[in-house]
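A.B. asks: Please work out how this folds:
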Amino acid sequence: MWKIGISVSDKVLEGAGFYEECRDAGIGALELSLPGREVEHFDFEKAVRDAAAFGIEVWSVHLPFAPFSEIDPSSLSERLRKLTVRRHVKVIRKAAEAGIRHFVVHASAEPIEIPDRRARMEQARKSLRTLAETAAEYDAVVCVEDLPRSCLGRSSYDILELLKADERLRCCFDTNHLLGEYIPDFIRKVGPKIVTTHVSDYDFWNERHMLPGEGKIDWKELYETLKETGYEGPWLYEVGPKAEWCVVRGRDLTPADYAKNANEIFQGKAPTPIGHMIENITFWRP
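C.D. replies: Reported below is the predicted structural model:
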């Protein structure tokens with residue numbers, strides 16, 4: 001149905017035979033998710049060229065979001081907010097010049113206290129407006145990601161309020177971040193604004209970034225609802241090859257695992273878990 005993609009770091013790209021494994025498995029898209037300082041000096045042109053040699057598209061770049069003390073588009077400190085925007089603009093320009101056209105951004109750091117949410121939302125919209133204007137110079141798009149806990153973007157209401165900053169903004173739908181809203185409701189409300197995804201599973205208690213089938217999401221329902229909206233972007237996994245602390249898995253994931261998982265979901269089947277979630281987790285561990 002959709003191109004299958006995975007989010008990767010620069011370390012994964014350095015692995016011997018990585019692109020060939022992706023091609024052979026049917027992975028057609030990559031998102032580059034790199035540490036804050038490293039992304040500013042990353043050779044995007046080489047990554048695009050290397051991937052293209054195997055018929056793979058570098059679909060997106062995840063703009064840096066940590067550490068929170070250094071990166072926060074919603075900061076009430078104008079100095080930090082403007083510094084964050086300058087850093088993001090630098091990455092957008094460099095990656096867009098290499099041909100990458102989608103940029104995923106977190107609208108805020110956290111925690112955010114309730115009395116500060118309105119002011120933080122206004123700060124975030126100012127930042128997003130600048131990023132959208134920069135991306136538009138390259139016919140590229142900034143995709144605001146839904147986020148968990150106290151972050152801005154934790155509901156369809158939040159996302160739609162953030163997207164009002166500029167009509168060119170779009171949404172990256174992270175399947176494991178919604179903690180207070182029914183997933184199909186979010187998809188239907190945000191609808192055509194969703195142009196890319198971060199696919200992973202969770203327990204509805206907190207984000208977990210498990211492989212689909214290892215958590216509690218109803219994948220058939222999610223998939224069918226996303227289809228109803230006319231979604232045309234990639235089905236892009238944000239699940240690392242090594243198991244998260246909350247998952248027991250006997251081995252690292254391979255590109256073939258992501259492709260098999262996606263194709264099971266596309267066929268209306270329950271995805272086959274490779275590992276399993278540790279039972280009775282009721283807390284968040286960073």
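A.B. asks: right, and L34 touches K11 too?
C.D. replies: No - using Cβ atoms under 8 Å, L34 is not in contact with K11, being 9.4 Å away. For the C-beta atoms, the positions are set from N, CA and C on the backbone; glycine is no exception.
A.B. asks: Show me which of the two is the more surrounded one.
C.D. replies: Each of L34 and K11 has its neighbours counted (other Cβ atoms under 10 Å); L34 has more, 22 against 10.
A.B. asks: ok, now how distant is the more buried one from E14?
C.D. replies: Distance, L34 to E14, using Cβ to Cβ, to the nearest Å: 12 Å.
A.B. asks: repeat for D201
C.D. replies: 27 Å.
A.B. asks: Between the two, point out the one with more neighbours.
C.D. replies: Ranked by neighbour count (other Cβ under 10 Å), D201 and E14 place D201 first, with 23 against 8.
A.B. asks: Strands of this protein, residue ranges please.
C.D. replies: 4-8, 27-33, 57-62, 102-105, 141-145, 170-174, 194-198, 235-237, 247-248, 276-277 (DSSP state E).
A.B. asks: Throw these into CSV and include mean neighbour count, thanks.
C.D. replies: Shown next, in CSV, are these (neighbours: other Cβ atoms under 10 Å):
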stretch, mean neighbour count
strand 4-8, 25
strand 27-33, 24
strand 57-62, 24
strand 102-105, 27
strand 141-145, 25
strand 170-174, 25
strand 194-198, 23
strand 235-237, 27
strand 247-248, 16
strand 276-277, 16
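A.B. asks: and R129, which of the ones you listed is closest to it?
C.D. replies: Among the strands of the chain, strand 141-145 comes nearest to R129, with 9.7 Å by Cβ to Cβ.
A.B. asks: tell me the angle the closest one makes with strand 170-174.
C.D. replies: 40 degrees (axes from the mean of the first three to the mean of the last three Cα atoms, to 10 degrees).
A.B. asks: Each with direction, which strands does strand 141-145 pair with?
C.D. replies: Strand pairing for strand 141-145, using DSSP bridges, gives strand 102-105 (parallel), strand 170-174 (parallel).
A.B. asks: Distance to K220 and mean pLDDT added to these, as a markdown table?
C.D. replies: Formatted as a markdown table, the strands paired with strand 141-145 follow (distance: least, Cβ to Cβ, whole Å; pLDDT from 0 to 100):
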| stretch | distance to K220 | mean pLDDT |
| --- | --- | --- |
| strand 102-105 | 26 | 98 |
| strand 170-174 | 17 | 99 |
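A.B. asks: Can you lay out those strands as a markdown table showing distance to E20?
C.D. replies: Below are these laid out as a markdown table (distance: least, Cβ to Cβ, whole Å):
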| stretch | distance to E20 |
| --- | --- |
| strand 102-105 | 24 |
| strand 170-174 | 28 |
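A.B. asks: which one of those strands lies closest to S60?
C.D. replies: strand 102-105 (3.8 Å).
A.B. asks: Export that closest one to PDB, keeping only CA atoms.
C.D. replies: Taking Å, rounded to 0.1, in the frame of the first residue of the first chain, the C-alpha atoms of strand 102-105 are listed here in PDB:
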ATOM      1  CA  HIS A 102      10.300  16.600   4.700                       C
ATOM      2  CA  PHE A 103      11.400  17.800   8.200                       C
ATOM      3  CA  VAL A 104       9.900  16.400  11.400                       C
ATOM      4  CA  VAL A 105       9.900  18.800  14.300                       C
END
